[in-house]
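Visitor: Turn this into a model:
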Amino acid sequence: MSDNDGKKTLGLRGSRPGQVKQSFSHGRTKNVVVETKRKRVVVPKPGAAAGGSGKSPAGGDPRKRPAGISDAEMERRMKALKAAKAREAEEAEKRAAEEKAREEDRKRRREEAEAKERAEREREEALKAKAEEEARKKREAEEAKTRAKAAPAAPAADPAAAQAAEQRGPGKTSSAPRKKDDRGGANDRQNRGKGRDDGRRSGKLTVNQAMRGGDGRQRSVASMRRKQERARQKAMGENVEREKIIRDVQVPEAIVVSELANRMAERVADVVKSLMKMGMMVTQNQAIDADTAELIIEEFGHKIVRVSDADVEDVIDSVEDKEEDLEDRAPIITIMGHVDHGKTSLLDAIRDAKVTAGEAGGITQHIGAYQVKTDSGTTLSFLDTPGHAAFTSMRARGAQVTDIVVLVVAADDSVMPQTIEAINHAKAAGVPMIVAINKCDKPTANPDQVRAELLQHEVIVEKMSGDVQDVEVSAITGAGLDELLEAIALQSEILELKANPTRAASGAVIEAQLDVGRGPVATVLVQNGTLKQGDIFVVGEQWGKVRALVNDHGDRVKEAGPSVPVEVLGLNGTPEAGDVLNVVDTEAQAREIAEYREQAAKDKRAAAGAATTLEQMMAKAKADKDVAELPILVKADVQGSAEAIVQAMEKIGNEEVRVRVLHYGVGAITETDVGLAEASGAPVIGFNVRANASARNSANQKGVEIRYYSVIYDLVDDVKAAASGLLSAEVRENFIGYAEIREVFKVSGVGKVAGCLVTEGVARRSAGVRLLRDNVVIHEGTLKTLKRFKDEVKEVLSGQECGMAFENYDDIRPNDVIEIFEREEVERTLD
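Guide: Model prediction:
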């Protein structure tokens, strides 16, 4: 096969001048026109060389100068060019001097480190030599003692042995070295055989190489390209070595190695190598503490900036208010005392309202926040705390946010346990106290006995020559109320309460609940600043934007100033009672702070669980082996009630039985609660809430017991009796029917009558009833009348209409649901 594969070469034979004939396969040809260009030859003009050898003027050849530039302009440009070149030369010299100084500094530090290492090495060698010398001397002394003992008993054959050794000569002393050399030759052959396998691991970085500082790895493609680029820059005369950039590296409490290298703009392998030299065998995905990161950063020549995760809370305004910005604010008065001593009735008399009538069992079970305007025009903010023993945390919260504590003591009951607890809370909070001796209108009242018993707890009233104000009042007759308000006003004037209403608002959460239709709702007492509609805030682990503000009268307001209690709508979750509310600038800040607090709380719980050792877990399991547990699920209407119930449940039990709260929350009982109760074999306790329809059906199918309570006395006593097994009989409620109110009629002599449709079960005249509004209990009582058309009947079946009227209750509305139930006593036995 020829070079051209049988094809003809290009040529001019047989063609016209200026054309080339091309031949292709299969006998095809083509004529191509060829254009020939001649190279231009420039002949220099005579006298040009002579002119070029002469000295050019300062401005250059005028013929080569751009048009419109004079000699003076050209001269100025030349001077500017020379000045720029001189400036560049000075900067280059300055950079060279700085680089030289840095190089000398690095060299000095390197020499100091080497000198230090050398001194340390010499000291170690000296110590080692000294130890070897001492060991040698000791060994020689022992050998000398051994020879001295063996010298008298030396055999006579030694001279003959010495003579035989001399006859062998120095070259025939022993064959051991030759054997050793043979082994050495075998090892060399073995090493030469292994030389082929060493190339396989030549590109691997081992731990020994990293600790020794040697890097026997092969260059990567990127490294070779960088090397070629540096060589090209060096050949072109560019500055190859770049100045090292010293960075400010932000380091949190813990940082991943790869992230640290990224912030320093260093190679991850170099950082890992430095850590290995320090004795830390870590990978790029492991975290190191801030102190170790500081050592690494200083080694690479950067600067460390310590930061903390808690810095996200620095955006919360905590500046001190100026004296000229402060204005007078209303005092916050907390009413405390024992249960059934008339706290709410006293506040009702002051407010001219009827709050007690709406309380289940006649006792307060929530913190109520109200504002009262007296006849003199003074505004007072009242907090009404519950007196039951289970609401300790509520009373503590009321004492923490208050300015004045009004201690209500019944004149016929004197000092009781919760009275003593309220005194301790007031003393711990460091707030002044006013004693209101209530129920002085009763024949059995004895105010002097109350004053005498208060002396036992270091509360000395003014009538006993003390400094604590005391007022005798009666919530029923209204006697002494003016004196009480006057004492409160006097105490507030002494305190000189002031606040800055122009700053960002901050306050405390008094109560929180999950309301149907409105979502999470928090009752907030504003302590400083003004809370406005549209403000973005963070409260505990939750955040939100103020969607609406509702005052204690149920009216919507645009803003709330200091000492004003309001309900806040617009949260993303239900906060804990007692959390602090702070207004921030942006939604991103609020979300970041809430996420940080949530993560911190989660880490705290995880750390508490991780701190338990295996021995502690085994000891606890052994101790719990003989303890019977009563698991329960608790759902309440507000956060404070749920916490109080959980605290009360934790106090129930002994070494044989105890109550364990699996879960507690706020809102109606849902299918999720029923599922958890079924898996744990626990009952569901609803405090002033009800299960929705799907949860009721699920509970009926799965056999989960749901118990409803509206008075915490009954709940605590029932759980305590169930846990101890001392109940002689169980009062069980059987729900026999539900009725929906379609219309409300006013009948003279009877009052309001509800026109109802029995939607489920049967309605009986003798049964108990509850009025539900949005699945929340509004009233519990009995029926006054049950009529079918015009006749009084004993029962009405499902699907039929009837008329119902409640005993001593008229607040009924259309679309309310009436729950009909019967109570029966069943003997209870422990399995």
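
Visitor: List the beta-bridge partners for Glu511.
Guide: Thr523 (DSSP bridges).

Visitor: wouldn't it be in contact with Pro520 here?
Guide: No: look at Glu511 against Pro520 with Cβ atoms under 8 Å: they stay out of range, at 11.7 Å. (Each C-beta comes from the backbone N, C-alpha and C, glycine too.)

Visitor: out of these two, which sits in the more crowded spot?
Guide: Glu511 (24 against 21; other Cβ atoms under 10 Å).

Visitor: what about the more buried one, distance to Ala80?
Guide: According to Cβ to Cβ, to the nearest Å, Glu511 and Ala80 sit 78 Å apart.

Visitor: next one: Leu662
Guide: 85 Å.

Visitor: Have a look at those two and say which one is more surrounded.
Guide: Taking other Cβ under 10 Å, Leu662 and Ala80 do not tie; Leu662 has more neighbours (16 against 10).

Visitor: Hmm, the more buried one is touching Gly675, no?
Guide: No: Leu662 is not in contact with Gly675 according to Cβ under 8 Å; the separation is 11.8 Å.

Visitor: Pull the contacting residues for Val550.
Guide: For Val550, the contacting residues are Arg556, Val557, Val566, Glu567, Leu569, by Cβ atoms under 8 Å, 6 or more residues apart in numbering.

Visitor: Just the buried subset of those residues, please.
Guide: Val566, Glu567, Leu569 (16 or more other Cβ atoms under 10 Å).

Visitor: Grab the nearest non-local neighbour of the second one.
Guide: Once flanking residues are discounted, Glu567 sits nearest to Val550: 4.2 Å by Cβ to Cβ, 6 or more residues apart in numbering.

Visitor: Can you check what pLDDT the model gives that neighbour?
Guide: If you check Val550, the pLDDT there is 90.

Visitor: and if you look at Asn4?
Guide: Asn4 carries a pLDDT score of 50 in this model.

Visitor: Please apply the same query to Val557.
Guide: The model's pLDDT for Val557 equals 91.

Visitor: And for Val566?
Guide: In this prediction, Val566 carries a pLDDT score of 91.

Visitor: try Arg192
Guide: pLDDT, Arg192: 48.

Visitor: for Lys82, same thing?
Guide: At Lys82, pLDDT is 90.

Visitor: Check Ser202 too.
Guide: pLDDT, read off for Ser202, is 52.

Visitor: do Leu727 as well
Guide: For Leu727, the model assigns a pLDDT of 46.

Visitor: What is the neighbour count of Ala222?
Guide: Using other Cβ under 10 Å, Ala222 has 8 other residues around it.

Visitor: so it is in which element?
Guide: helix 221-235 (DSSP states H and E).

Visitor: helix or strand right after that helix?
Guide: Helix 221-235 is succeeded, C-terminally, by strand 248-251 (DSSP H and E).

Visitor: From the contact counts, what lies against that following strand?
Guide: Contact here means 3 or more Cβ pairs under 8 Å, 6 or more residues apart in numbering; DSSP states H and E; on that basis strand 248-251 packs against helix 257-264, helix 290-299, strand 303-306.

Visitor: Please tell me how far it is from the chain's geometric centre.
Guide: Put simply, strand 248-251 sits 22 Å off its chain's centre (Cα atoms, centre = their mean, to the nearest Å).

Visitor: Could I get the CA-only coordinates of that strand as CSV?
Guide: Below are the C-alpha coordinates for strand 248-251, written out as CSV (Å, rounded to 0.1, in the frame of the first residue of the first chain):
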residue,chain,number,x,y,z
ASP,A,248,-10.2,36.9,61.6
VAL,A,249,-11.6,33.4,62.2
GLN,A,250,-14.8,33.1,64.1
VAL,A,251,-14.9,30.0,66.3
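
Visitor: what's the longest strand in the protein?
Guide: In the chain, assigned by DSSP state E, the strand with the most residues is strand 730-747.

Visitor: The helix or strand just after that strand pairs with which strands, parallel or anti?
Guide: Later in the chain than strand 730-747, the nearest helix or strand by DSSP H and E is strand 751-764. With DSSP bridges as the test, strand 751-764 is paired with strand 730-747 (antiparallel), strand 795-797 (antiparallel), strand 801-806 (antiparallel).

Visitor: pLDDT on the shortest one, on average?
Guide: Going back to what we said before, that points to strand 795-797. For strand 795-797, the mean per-residue pLDDT is 90.

Visitor: likewise the last one?
Guide: Strand 801-806 shows a mean pLDDT of 90.

Visitor: and what of the longest one?
Guide: Model confidence over strand 730-747, given as mean pLDDT, is 86.

Visitor: hmm, who's touching it?
Guide: 708, 752-764, 767-768, 798, 801-805, 812-828.

Visitor: pLDDT below threshold where in the stretch 351-500 of the chain?
Guide: Scanning the stretch 351-500 of the chain for pLDDT under 70 picks out 353-368, 386-400.

Visitor: How much space separates the closest residue to Asp467 other than its chain neighbours from Val471?
Guide: Nearest residue to Asp467 in three dimensions, chain neighbours excluded: Ile460, at 7.0 Å (Cβ to Cβ, 6+ apart). According to Cβ to Cβ, Ile460 and Val471 sit 15 Å apart.

Visitor: more crowded one of the two?
Guide: The neighbour count for Ile460 versus Val471, taken as other Cβ under 10 Å, is higher for Val471 (22 against 15).

Visitor: Downstream of the strand or helix carrying that one, the next helix or strand is which one?
Guide: Assessed by DSSP H and E, Val471 sits inside strand 469-472. Counting by DSSP H and E, the next helix or strand C-terminal to strand 469-472 is helix 481-495.

Visitor: Mind exporting the C-alpha coordinates of that following helix to PDB?
Guide: Output in PDB follows, covering the C-alpha atoms of helix 481-495 (Å, rounded to 0.1, in the frame of the first residue of the first chain):
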ATOM      1  CA  LEU A 481     -63.000  48.300 100.500                       C
ATOM      2  CA  ASP A 482     -62.200  52.000 100.400                       C
ATOM      3  CA  GLU A 483     -59.600  51.700 103.100                       C
ATOM      4  CA  LEU A 484     -58.000  48.800 101.200                       C
ATOM      5  CA  LEU A 485     -57.800  50.800  98.000                       C
ATOM      6  CA  GLU A 486     -56.400  53.700  99.900                       C
ATOM      7  CA  ALA A 487     -53.700  51.500 101.500                       C
ATOM      8  CA  ILE A 488     -52.800  50.200  98.000                       C
ATOM      9  CA  ALA A 489     -52.600  53.700  96.600                       C
ATOM     10  CA  LEU A 490     -50.400  54.800  99.500                       C
ATOM     11  CA  GLN A 491     -48.100  51.900  99.100                       C
ATOM     12  CA  SER A 492     -47.700  52.500  95.300                       C
ATOM     13  CA  GLU A 493     -46.900  56.200  95.900                       C
ATOM     14  CA  ILE A 494     -44.100  55.100  98.300                       C
ATOM     15  CA  LEU A 495     -42.700  52.700  95.600                       C
END
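
Visitor: Cool, thanks, talk later.
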